[in-house]
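In: I would like the atomic coordinates for the input below:
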Amino acid sequence: MKSLLYFILICGFLNSCKSSQSLDNTSKSEKVNTIKNDTVSIANNDLEYELIIIEPGYNVWLKTKAKPAGYYEQNFLEIRNKLYVDAWNNRVLNPLNYPSGLYETQIFYDPSIDYGYDVNYKLYNYFIYFQLTYKQQLTSYIPRI
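Out: Okay, here's the model as predicted:
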């Protein structure tokens with residue numbers, strides 16, 4: 001009777017190990033799909049700039065919750081983006097004062113360059129998404145949808 005009980009326990013243990021491995025494999029493929037679906041890339045070869053946003057959930061949020069394109073004027077977006085980029089870069093340069101992992105790379109945004117409406121719109125909405133998702137406030141402006 002004891003040997004049957006040990007046999008059942010060992011089989012149960014092996015089965016549970018096998019099922020957790022298959023869940024890990026599934027989650028890895030889901031992560032890859034999420035990254036592919038949530039990458040927003042905008043490039044302009046004439047101005048030699050590229051904006052790449054890799055953030056799970058951002059693409060869906062942009063399509064479903066953000067104000068539609070054209071809601072804001074480009075001048076408004078440029079002013080806010082300048083403020084948000086300055087605050088962001090300040091946090092990148094002071095990693096001990098802010099949560100690790102949130103602010104990893106600097107954003108190079110030159111307000112004298114006309115990046116166009118699309119880039120400014122998506123960058124602005126990324127900052128709003130970031131602040132709402134991670135409960136951060138980059139400037140004195142309260143992020144709203």
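
In: pretty sure residue 83 is in contact with residue 139, am I right?
Out: Yes - using CB atoms under 8 Å, residue 83 is in contact with residue 139, at 5.1 Å. The way it works is simple: take the backbone N, C-alpha and C, and place the C-beta from them, glycine included.

In: Identify the residue nearest residue 111 in space, chain neighbours excluded?
Out: In space, not counting the residues next to it along the chain, residue 111 is nearest to residue 82; the distance is 4.8 Å by CB to CB, 6 or more residues apart in numbering.

In: Pretty sure the one you found sits against residue 113.
Out: No - at 11.4 Å, residue 82 does not count as touching residue 113 under the criterion of CB under 8 Å.

In: Could you say which helix or strand holds the residue nearest to residue 111?
Out: helix 74-93 (DSSP states H and E).

In: State the mean pLDDT of that helix.
Out: Averaged across helix 74-93, pLDDT comes to 96.

In: For this protein, which segments count as strands?
Out: 39-44, 49-54 (DSSP state E).

In: By mean pLDDT, show me the worst of these.
Out: Of all the strands of the chain, mean pLDDT reaches its minimum on strand 39-44 (a mean of 64).

In: Sketch out the low-pLDDT regions of the protein for me.
Out: Low-confidence segments of the chain (pLDDT under 70): 1-47.

In: at 50 instead, please
Out: Along the chain, the model assigns pLDDT under 50 to residues 2, 4, 6, 13, 18-35.

In: Let me see the ranges of the helices in it.
Out: Taking DSSP state H as the criterion, the chain contains helices spanning 2-37, 58-64, 74-93, 117-134.

In: Stretch 55-72: which residues count as buried?
Out: 55, 58, 59, 61, 62, 66, 72 (16 or more other CB atoms under 10 Å).

In: With respect to residue 101, which of those is nearest?
Out: Distance from residue 101 was checked for each of the buried residues of stretch 55-72 by CB to CB. The minimum falls on residue 55, at 12.7 Å.
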